[in-house]
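Colleague: structure for the following, please:
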Amino acid sequence: MSQKKVNVGIIGGGLMGKELVAACGRWDALVDHPVRPEVIAVADPSPAVRSWFENAKIPNIYEDYKQLLADPKVDVVYIAVPHNLHEEIYLATVAAGKDFLGEKPFGIDKSASSKIVAAIKASKVFVRVSSEMPFYPGAQAAFNYAKSGALGEIVEVHSAFLHSSDLDIAKPINWKRIVKFCGEIGVMGDLGMHVAHVPARLGFEAKSVYSLLDDIVKVRSDGKGGEVACDTFDNAVLAMKAKSASQDREFPMFWEMKRIAPGESNTWQFQAMGMKGGVKFSTRTPATFHKFAYANGEQIWQEIQPGHKTNWPVITGGIFEFGFPDSLLQMWAAYFAEREGLLGDKFGCATIDEVLKSHLVFEAAMESNKTGAAVKL
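Modeller: Numbering: from 1, shown residues only. Prediction:
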């Protein structure tokens, strides 16, 4: 089939910007995708970062993001910058009339996120939010089983992102551990949208929040012989009463977001249990997901190998295992297909309404942490 060429610009050329270049290089792995994206521009203030993209043969390299937004050849922008820059750059991108995929938390706090969302809704730009982990085949299978109604009345939901990026106490500080850059919500801003995406898409809405927020490592090296205060939360556990349109009873829902999770590397997991069935999936065991059924008085667990059965079809054989670069490719495939109105009933990227609802939860979690009580939404 013929493919529409879309020129992409990247603002913030860190790890995920580089991953997008790699994903575009693997685009032919997708079967019959309607779009062919090409990264033609990058903007980053770091000379070292710009050098990497020059070596990758990206033709237009800018120091200032405003130069990239002024480039008429750029159709879509990927923005991956620290949270304190979201409001300024996202609003400027909307004003420039550019469609974009933004990084979570989509604003350093609820106020910033609300301004960004309002500007987008008053414009004609197409915007989605990065959240790649639910695109694993096992996550998709778990989502579809929960969506089918096979679980019956929901009993309990768990969603988590657990990794060990800050387990090493000798690791020098980075911007994610400083309120000025990351925001007071800390790890909830860093990992929260990953945890919120699937519950939100299933229609599980938080009604009250009780939070356990933990600042474990309070001081880190500045990498220059000095020390800097770590003033954001490392870990967050939220216990919520949640509601679904399919039932009257509220049910417990737990979100865990941890940068210090001993025993984990970079684990995303989701579990939903109901009176008739349940599902659980973890990227720690990506080749399988588990399905539960209660029938004829018996409780039956099944371990299923989903294979390389992806949201958007690919040339890769179904017997092969899926990995993180594949999830990124699937996320971008979903973004560009939806932008063309051709996603159909396939799973889509996180929406601006979903991310704004997550900010409501995080704000309530901060209030709960101060008062020691549950906060109603």
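
Colleague: next SSE downstream of the lengthiest helix in the chain?
Modeller: Longest helix in the chain, counting residues (DSSP state H): helix 352-371. Going down the chain from helix 352-371, the next helix or strand is strand 375-376, by DSSP states H and E.

Colleague: output the contacting helices and strands for that next one.
Modeller: strand 205-214, helix 352-371 (3 or more Cβ pairs under 8 Å, 6 or more residues apart in numbering; DSSP states H and E). The C-beta positions use only the backbone N, C-alpha and C, and glycine is treated the same way.

Colleague: what does it contact?
Modeller: 207-210, 364-365, 367-368 (Cβ atoms under 8 Å, 6 or more residues apart in numbering).

Colleague: recalculate using a threshold of 6 Å.
Modeller: By Cβ atoms under 6 Å, 6 or more residues apart in numbering, the residues outside strand 375-376 that reach it are 208-209, 364, 367-368.

Colleague: stretch 24-38 now?
Modeller: Residues from elsewhere that reach stretch 24-38 (Cβ under 6 Å, 6+ apart): 1, 3-8, 39, 312-315, 329, 333, 336, 340, 342.

Colleague: at 8 Å instead, please
Modeller: 1, 3-8, 39, 76, 312-316, 325, 329, 332-333, 336-337, 339-340, 342.

Colleague: could you do stretch 182-193 as well?
Modeller: Contacts to stretch 182-193, defined as Cβ under 8 Å, 6+ apart, come from residues 82-84, 104-106, 108-109, 129-131, 161, 163, 175-176, 179, 213, 215, 232-236, 255, 257-259, 350, 354-355, 358, 361-363, 365-366.

Colleague: distance from stretch 199-214 to the middle of the chain?
Modeller: Distance, stretch centre to chain centre, for stretch 199-214: 16 Å (Cα atoms, centre = their mean, to the nearest Å).

Colleague: would you mind listing the buried residues in that stretch?
Modeller: 199-202, 204-206, 208-211, 213 (16 or more other Cβ atoms under 10 Å).

Colleague: of those residues, which is the nearest to residue 289?
Modeller: residue 202 (15.5 Å; Cβ to Cβ).

Colleague: correct me, but the closest one touches residue 147?
Modeller: Yes. Applying Cβ atoms under 8 Å, one finds residue 202 in contact with residue 147, separated by 6.2 Å.

Colleague: what's the distance between residue 333 and residue 65?
Modeller: 25 Å (Cβ to Cβ, to the nearest Å).

Colleague: typed the wrong thing, it's residue 152
Modeller: Per Cβ to Cβ, residue 152 is found 49 Å from residue 65.

Colleague: do the same with residue 288
Modeller: For residue 288, the distance to residue 65 - Cβ to Cβ - is 42 Å.

Colleague: can you show me the helices along the protein?
Modeller: According to DSSP H, the chain carries its helices in the segments 15-25, 47-55, 65-69, 86-95, 110-121, 137-147, 179-182, 187-201, 324-339, 352-371.

Colleague: out of the ones you listed, which is closest to residue 242?
Modeller: helix 187-201 (7.5 Å).

Colleague: please find the angle between the direction vectors of the closest one and helix 86-95.
Modeller: 50 degrees (axes from the mean of the first three to the mean of the last three Cα atoms, to 10 degrees).

Colleague: can I get helix 187-201 in PDB, CA atoms only?
Modeller: C-alpha atoms of helix 187-201 as PDB (Å, rounded to 0.1, in the frame of the first residue of the first chain):
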ATOM      1  CA  VAL A 187       8.000   9.700  40.900                       C
ATOM      2  CA  MET A 188       4.300  10.000  40.200                       C
ATOM      3  CA  GLY A 189       5.100  12.400  37.400                       C
ATOM      4  CA  ASP A 190       8.000  10.300  36.200                       C
ATOM      5  CA  LEU A 191       6.200   6.900  36.100                       C
ATOM      6  CA  GLY A 192       2.500   7.600  36.900                       C
ATOM      7  CA  MET A 193       1.100   7.800  33.300                       C
ATOM      8  CA  HIS A 194       2.500   4.300  32.600                       C
ATOM      9  CA  VAL A 195       0.500   3.000  35.600                       C
ATOM     10  CA  ALA A 196      -2.700   5.100  34.900                       C
ATOM     11  CA  HIS A 197      -3.000   4.300  31.200                       C
ATOM     12  CA  VAL A 198      -4.600   0.800  31.200                       C
ATOM     13  CA  PRO A 199      -7.000   1.500  34.100                       C
ATOM     14  CA  ALA A 200      -8.100   4.700  32.500                       C
ATOM     15  CA  ARG A 201      -8.700   3.000  29.200                       C
END
